[in-house]
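In: show me the folded form of this:
(one chain, ligands or ions: 2)
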Amino acid sequence: MAKQAISKSNKIVFFTGAGMSQESGLSTFRGRDGYWRKYDPMKLASPEAFRQDPKLVWDWYYDRRRAALQAKPNAGHVAIALLQNLKQVSVITQNVDDLHRAAGSRNIVELYGNLFKVRCTSCKYRGRIDDKFPPPPPKCEKCDSLLRPDIVWFGEELPKDSLEESARLCTDCDLMVIVGSSLQVAPANSLPVMAKRNGATLVEINVEATHMSEMMDYSIIGTAAGTLPALLDCS
Ligand code: NAD
Ligand code: ZN
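Out: Ligands and ions are numbered 1, 2, ... in the order given. Below is the predicted model of the structure:
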């Protein structure tokens, strides 16, 4: 059983996607009612879209940041954070909503960045968005150029350091739990493959089967908040 496998493991990596935060009230991308079923990602989340209409892109990220600010970690996020008391736990997340941190997880790799971080399109300035943020599109306080979300867009590469750190975690863990990801996007979806190749047991939690369910050791159909608390209760 998956629960026994988790109980026996010491180094556990959680690989999470948008479904992890669905029960916190945040939309997924490709799931039912997901963003990419309503909008064209190339018009909102690409360097070309930003060049063409920075305000439109910023408006969308402002809305998402507002939604993330109002969201609270769900029972799944909390269960993952609590497991740190018993196991060596890392989280590799495709989410940009900061909810793993809000739940108390400490070792987090954010593959695509974070909704609350910005960087300058010209200089090296990086910053964090606080409550008193100017109307979109914001300008750099150092050089007055446009700021952009510190998020990886379509057509852009994942930051080398987060990819390297993720690969290290995948080759070092003895079990990986994949939660709420459609596993459609490369190279992130190669991380479970890498973990499996290095001998890790794979547990998947999703409301439906994915194209990679067959390579999992355990594929659990259920929600993140609905399954993780009982599954991770190793006390
Ligand atoms: P996804 O929307 O593709 O998949 C979500 C998965 O969660 C689905 O398989 C769905 O069945 C499942 N799910 C839905 N509700 C669930 C629940 N309550 N519990 C468990 N599972 C549930 O999301 P993803 O896999 O995280 O996709 C990552 C991709 O999203 C990225 O590669 C990128 O394309 C995009 N993305 C874009 C941005 C951006 O702002 N531009 C940021 C991060 C990610
Ligand atoms: Zn600047």
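In: determine the longest strand present in the chain.
Out: strand 113-120 (DSSP state E).
In: okay, now the sheet partners of it, with direction.
Out: As defined by DSSP bridges, the strand partners of strand 113-120 come to strand 126-128 (antiparallel), strand 147-151 (antiparallel).
In: avg pLDDT for the first one?
Out: The average of the pLDDT scores along strand 126-128 is 92.
In: ranking the strands paired with strand 113-120 by burial, who's on top?
Out: Highest mean neighbour count of the strands paired with strand 113-120: strand 147-151, a mean of 22 (counted as mean count of other CB atoms under 10 Å). For the C-beta atoms, the positions are set from N, CA and C on the backbone; glycine is no exception.
In: would you mind measuring the gap between the ends of stretch 28-47?
Out: By CA to CA, to the nearest Å, the extent of stretch 28-47 from end to end equals 21 Å.
In: what residues sit buried inside that stretch?
Out: Judged by neighbour count using 16 or more other CB atoms under 10 Å, the buried positions of stretch 28-47 are Thr28, Phe29, Arg30, Gly31, Gly34, Tyr35, Leu44, Ala45, Ser46.
In: what's that stretch in contact with?
Out: Stretch 28-47 has contacts (CB atoms under 8 Å, 6 or more residues apart in numbering) with 17-19, 22, 27, 48-49, 56-57, 60, 151, 153-156, 180, 182, 184, 207.
In: alpha carbons only: can I get the lengthiest helix in the chain in PDB?
Out: Longest helix of the chain, by residue count under DSSP state H: helix 54-70. The C-alpha coordinates for helix 54-70 follow below in PDB (Å, rounded to 0.1, in the frame of the first residue of the first chain):
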ATOM      1  CA  PRO A  54       2.300  44.500 -20.900                       C
ATOM      2  CA  LYS A  55      -0.800  45.900 -19.100                       C
ATOM      3  CA  LEU A  56      -3.000  43.000 -20.200                       C
ATOM      4  CA  VAL A  57      -0.400  40.500 -19.000                       C
ATOM      5  CA  TRP A  58       0.100  42.400 -15.700                       C
ATOM      6  CA  ASP A  59      -3.700  42.700 -15.100                       C
ATOM      7  CA  TRP A  60      -3.900  38.900 -15.300                       C
ATOM      8  CA  TYR A  61      -1.000  38.500 -12.900                       C
ATOM      9  CA  TYR A  62      -2.500  41.100 -10.500                       C
ATOM     10  CA  ASP A  63      -5.800  39.100 -10.500                       C
ATOM     11  CA  ARG A  64      -4.000  35.900  -9.800                       C
ATOM     12  CA  ARG A  65      -1.900  37.500  -7.100                       C
ATOM     13  CA  ARG A  66      -5.100  38.800  -5.500                       C
ATOM     14  CA  ALA A  67      -6.600  35.400  -5.600                       C
ATOM     15  CA  ALA A  68      -3.500  33.800  -4.100                       C
ATOM     16  CA  LEU A  69      -3.400  36.400  -1.300                       C
ATOM     17  CA  GLN A  70      -6.900  35.500  -0.400                       C
END
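In: for it, buried residues please.
Out: Pro54, Val57, Trp58, Trp60, Tyr61, Tyr62, Arg64, Arg65, Ala67, Ala68.
In: from the chain's centroid, how far away is the helix or strand just after that helix?
Out: Downstream of helix 54-70, the first helix or strand assigned by DSSP states H and E is helix 75-83. Helix 75-83 has its C-alpha centroid displaced from the chain centroid by 15 Å (CA atoms, centre = their mean, to the nearest Å).
In: please apply the same query to stretch 73-92.
Out: 14 Å.
In: for it, measure first residue to last.
Out: 16 Å.
In: and the helix or strand bottoming out on mean pLDDT in the chain, anywhere near ligand 1?
Out: Of all helical and strand segments in the chain, the minimum by mean pLDDT, DSSP states H and E falls on helix 35-38, at a mean of 81. No - judged by CB under 6 Å from any ligand atom, helix 35-38 makes no contact with ligand 1; its nearest approach is 7.3 Å.
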